[in-house]
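In: with the input below, show me the fold.
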Amino acid sequence: MRHQKHGRKFHRMKGQRQALFKSVMSNLVMRGGIQTTEAKAKEIRPRVEKLITLGKKQNIATLRILMSRLPKSAAEKIYYELSPRYKENRGGYTRIIKAGKARKDDSAKMARIEFI
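Out: Predicted coordinates for the structure are as follows:
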């Protein structure tokens, strides 16, 4: 049983899972919204929101932290564009919209995650 365990593993080892999250978060930041599986959307939502909250501090240390967790272009977009946009908000920067139909090949539930 998985009592008091959080996070999904997605049948991947730790490094592969971190790379998956990094690429999905980068795509979300650069495009403003992506369509992915519902499980991946629910897993990256708190991670992206924490990065935006971190970027709201607007100092060089937070920019370096963002660059360590995301590619440079995505980190700069969070720091210079997204964080100032949500300066007044205290959270809830993203929304997940469930797609009506499942993916055809494996019947995975699909969802769209985007910035508000």
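In: list the neighbouring strands of the helix or strand hosting Lys98 plus their orientation.
Out: Secondary structure assignment for Lys98, by DSSP states H and E: strand 94-102. Using DSSP bridges, strand 94-102 pairs in its sheet with strand 109-115 (antiparallel).
In: that older thread, for the strand holding Lys98, buried residues please.
Out: Thr94 (16 or more other C-beta atoms under 10 Å). For glycine as for every other residue, the C-beta is placed from the backbone atoms N, C-alpha and C.
In: which residue sits closest to Arg12, ignoring its sequence neighbours?
Out: The shortest distance from Arg12 to any non-neighbouring residue, by C-beta to C-beta, 6 or more residues apart in numbering, is to Leu20 (6.5 Å).
In: ok, that neighbour touching Arg8?
Out: No - taking C-beta atoms under 8 Å as the definition, Leu20 is not a contact partner of Arg8, at 10.6 Å.
In: ok, these two, which is more surrounded?
Out: Neighbour count, other C-beta atoms under 10 Å: between Leu20 and Arg8, Leu20 has more, with 15 against 12.
In: ok, back up a step: surely the residue nearest to Arg12 forms part of a helix?
Out: Yes - assessed by DSSP: H, G, I helix; E, B strand; the rest coil, Leu20 belongs to a helix.
In: that one: what's it in contact with?
Out: Applying C-beta atoms under 8 Å, 6 or more residues apart in numbering to Leu20 gives the contacts 10, 12, 40.
In: go again using 10 Å as the cut-off
Out: Applying C-beta atoms under 10 Å, 6 or more residues apart in numbering, one finds that Leu20 lies in contact with 10, 12, 40, 43-44.
In: what does Met67 give?
Out: Counting by C-beta under 10 Å, 6+ apart, Met67 touches 73-76, 78-79.
In: how close does it get to Pro84?
Out: From Met67 over to Pro84 the distance is 17 Å, taken as C-beta to C-beta, to the nearest Å.
In: repeat that for Arg69.
Out: The separation that Arg69 has from Pro84, given C-beta to C-beta, amounts to 19 Å.
In: do the same with Met30
Out: Distance from Met30 to Pro84, by C-beta to C-beta: 17 Å.
In: what do you get for Tyr93?
Out: Plainly put, Tyr93 is 12 Å away from Pro84 if you go by C-beta to C-beta.
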